[in-house]
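Asker: Sequence and predicted structure below; questions after.
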Amino acid sequence: MLETLELDGKTVIVTGGGRGLGRAMAKALAEAGAHVVVAARTPDQLDQTVKEIADAGGEAYSVRTDVTDPEQVNALVEAAVQHYGRLDAMFANAGGGGGTNAEFWEYPDWAFEEVLATNLKSAFYSGRAAAKQFVAQGTGGVIVNTSSGTALRGNRNFAYPTAKGGVISLTKSEATMLWGHGIRANVIVPGFVSQAPPRDERDAEFRKQRGQFIPVRRLGEWWELGPLAVFLASDASRYITGAEFIIDGGGLAGGLGPVGFEPHHEW
Amino acid sequence: MPKASHFDLSGKKAMVVGVESPAAAAIARAYGEAGADVALCTLEADESVVAARRLAKEIERLGRRAAVYTMDVKLGRNVQVTTRQVAKELGGLDIVCSAADRFLAKPITKITDTELATVLRLNFSSHFFVVRSALGEMQKGGVGGRIVVLTQVLGERGLPNTSAYSAAHGATYNLVRAVAQEVAHEGISINGIALGWMEWHADRIAPDDEQAQRATRFPIMKRMGTADEVGPLAVYLSGTGVGYVTGQIFPVDGGLLQHL
C-alpha cells in the first residue's frame, strides 16, 4: 500500500513555493521522490526552498513566476517540462491577502480585482496550463488547489474568502471537465495554520492563545500540509477527485459557540 | 413579485406535532393565520394539553377549526392511529409539521444505552413515524402535500456533549433529503427548518454559563431567535409556491451556520 505514495520520477509544480505552506508542500513532495518545480515571485525565497530541498537530498528547480500573469504561468509549465521532461501534478497554491479594509459599499474595484487575480485567476491560469500539458502528454495528471476555511463562512474581509470560494468551485468543475483525460482535481482547505516556526517567545505565546479558539487547542503547522500534498499528488488518491480536504483542527465541524462551550443537560 | 396567494393556506388541513415547542406553536398559529384548519398534537397528556387548548381557541377566533390531540411519537403505531384520526376528523391532511425535540447534553462516555435510544426516538424516529404516517394519508388523497420537519443546526455541526442529540438531528437532515427523492413525483414536498440558538433554549444556553452566553453572540445577528421568526418560513414551505422546492433544510439561525 505505501508504495502508492511514492512520487519517484514525477514532476510537480508548486506555486507560492517560496515560503509557508507552499514551501512545506514542496519539501514533502521532494522527500517522496518528486522533482519539484518551485514557483514564486521572490528570488531569495525560491533559492531558500530549493536549497532546503537539495540539502535534504531532493531534486528541485525554481522558476520566478507571477501567477497573476497567464503568460508567465504558461512559461512556468514549459520550463518545468523542458527541465524534467514531463509534468505530473500542479499545486496551484499561490495566493494571499491584499485588498483594503474599506467598508463594503465603498470597496474599490482595484482591490477586488487584485484579490481575485492573486487567489482565483491564478488558480485558473495554473490549472489551465497544467491541463494543456497533461492532455498533450496523454498521461493524465493531478491538480491540487489551495483554498481557505474562510471560503466556507462569511467574513468581514470578504474579497479573499470570495476568491477562495471560487477556487473550490473551480476545483469541482476541473474535476468534472477533465476526468475523461485522466486528470484529477482536489482542493486543500486550510484553517488557521502557522506558516513557519515562531519568531520568538512572544510569537509563540500569541500562537498558543490563538490556538485556544480551535477544537484541537492549537494552530496547525506548515509541515502538516506536506503529508496531504503527497497523498493528493500520488496514486494513493487515484479514485479521489473533486473533493475538499479540510485541515483545520476541527473548527469547521463545529463553530456554533466558543471552544469550551460544553452544555450540560441531563434528565 | 411573488403572489401572496402562495402563502394562502385557506381550506388546507394541517397537523402540527409537538406543539410544546414554542416554534411549533408559532407554526400552528401561523398556519391558522394563513387560513388552515389545524390539529395540534402534544407529545404528552400533561399540562401541555392545557396550553394547546388555549392555542386552539386562539386559532378558532381567526375563524378556523382547531383541535387538540395527544400523540405518543415514541411508537410508530400510535403515530399512525392518531394521524388517521386527525385526517378523518379534519377531512383530509394537506400539511404536516413534525416538531418533536428533546435535548440531552452529557459526555458520550456517560450516555447510557437507554438515553441514546430515547434521544434517537424523540429527535429522529418521531419524525420518521410522523412523515411515514403523513405520507400514508396524503397518498390516499392523491393531491400532493407539504411536510415540514423542524430540526436543529446541530444536525450539521458538532458540539461537545451533544453526540447523541446531534447524531439524531443529522439523521433527520438525511431523512428529509431521502424522502424528498422518494415522493417528489407525487407532488409531495418535504423540507426541513433548522433552528439555531432560540430564546427558549435554556436547556442548552444555560443563563449562568458564561461560554453559553458567548455562544449567543455567534450568530451574525448577535442574538437568539424568537418563535415568531419561524412561522413565516413554515407557511411558505406549506404553500403552493414550493412545488419545485423539496429535500432542502433551511436554517432560521440568524446566520449562526455562517459564522467563522
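Answerer: Now that the structure is in, tell me what you want to look at. As the structure is a prediction and not an experimental result, all values here were calculated from the model. Numbering: from 1, shown residues only, chains lettered A, B, ... in the order given.
Asker: What is the burial count for the residue in the stretch 101-250 of chain A that chain B sits nearest to?
Answerer: Nearest to chain B in the stretch 101-250 of chain A, going by Cβ to the nearest Cβ, is residue A:153, at a distance of 3.8 Å. For the C-beta atoms, the positions are set from N, CA and C on the backbone; glycine is no exception. Residue A:153 has 17 neighbours, counted by other Cβ atoms under 10 Å in any protein chain shown.
Asker: ok, which stretches of the chain are helices?
Answerer: You didn't pick a chain, so chain A it is. Remark: helices assigned in chain A by DSSP state H are A:20-31, A:43-55, A:70-84, A:109-116, A:122-137, A:159-178, A:201-211, A:225-233.
Asker: To clarify, I was referring to chain B.
Answerer: Using DSSP H, helices in chain B cover B:22-33, B:47-61, B:76-90, B:113-120, B:126-141, B:163-183, B:210-215, B:231-237.
Asker: helices and strands around the first one, which ones?
Answerer: Contact here means 3 or more Cβ pairs under 8 Å, 6 or more residues apart in numbering or on different chains; DSSP states H and E; on that basis helix B:22-33 packs against strand B:13-17, strand B:37-42, helix B:47-61, strand B:95-98, strand B:145-152, helix B:231-237.
Asker: Give me the residues contacting the second one.
Answerer: The list of residues contacting strand B:37-42 from outside it, by Cβ atoms under 8 Å, 6 or more residues apart in numbering or on different chains, reads B:12-20, B:28, B:31-32, B:48-49, B:52, B:55-56, B:59, B:64-71, B:82, B:86, B:89-90.
Asker: same thing with the last one?
Answerer: Residues outside helix B:231-237 that contact it (Cβ under 8 Å, 6+ apart) are B:6-7, B:9, B:26-27, B:29-31, B:34, B:97, B:146, B:148, B:189, B:191, B:193, B:242, B:245, B:250, B:252.
Asker: How about the residues of the stretch 151-260 of chain B by chain A?
Answerer: Those residues of the stretch 151-260 of chain B that sit near chain A, judged by Cβ under 8 Å from any Cβ of the partner chain, are B:153-154, B:157-162, B:196-197, B:203-206, B:209, B:211-212, B:214-215, B:218, B:220, B:255-256, B:258-260.
Asker: tell me the pLDDT at residue B:240?
Answerer: Per-residue confidence (pLDDT) for residue B:240: 88.
Asker: neighbours around it, how many?
Answerer: Per other Cβ under 10 Å, the neighbour tally for residue B:240 reads 14.
Asker: Next up, the contacts around the residue in chain B that chain A sits nearest to.
Answerer: Distance from chain A to each residue of chain B (Cβ to the nearest Cβ) is smallest for residue B:215, at 3.0 Å. By Cβ under 8 Å, 6+ apart, the contact set of residue B:215 is A:256-258, A:261, B:197, B:205.
Asker: any chance of those residues in JSON lines, plus neighbour count?
Answerer: Output for the contacts of residue B:215, formatted as JSON lines (neighbours: other Cβ atoms under 10 Å in any protein chain shown):
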{"residue": "A:256", "neighbour count": "24"}
{"residue": "A:257", "neighbour count": "26"}
{"residue": "A:258", "neighbour count": "17"}
{"residue": "A:261", "neighbour count": "21"}
{"residue": "B:197", "neighbour count": "23"}
{"residue": "B:205", "neighbour count": "20"}
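Asker: Closest one to residue B:111 out of the residues you listed, please.
Answerer: Comparing the contacts of residue B:215 against residue B:111 with Cβ to Cβ places residue A:261 closest, at 18.4 Å.
Asker: what's near enough to touch the closest residue to that closest one other than its chain neighbours?
Answerer: Excluding the flanking residues, the one nearest residue A:261 by Cβ to Cβ, 6 or more residues apart in numbering or on different chains is residue B:211, at 4.0 Å. The contact partners of residue B:211, taken as Cβ under 8 Å, 6+ apart, are A:257-258, A:260-262.
Asker: What is the nearest of these to residue A:216?
Answerer: Lowest distance from residue A:216 to the contacts of residue B:211 (Cβ to Cβ) belongs to residue A:260, with 13.0 Å.
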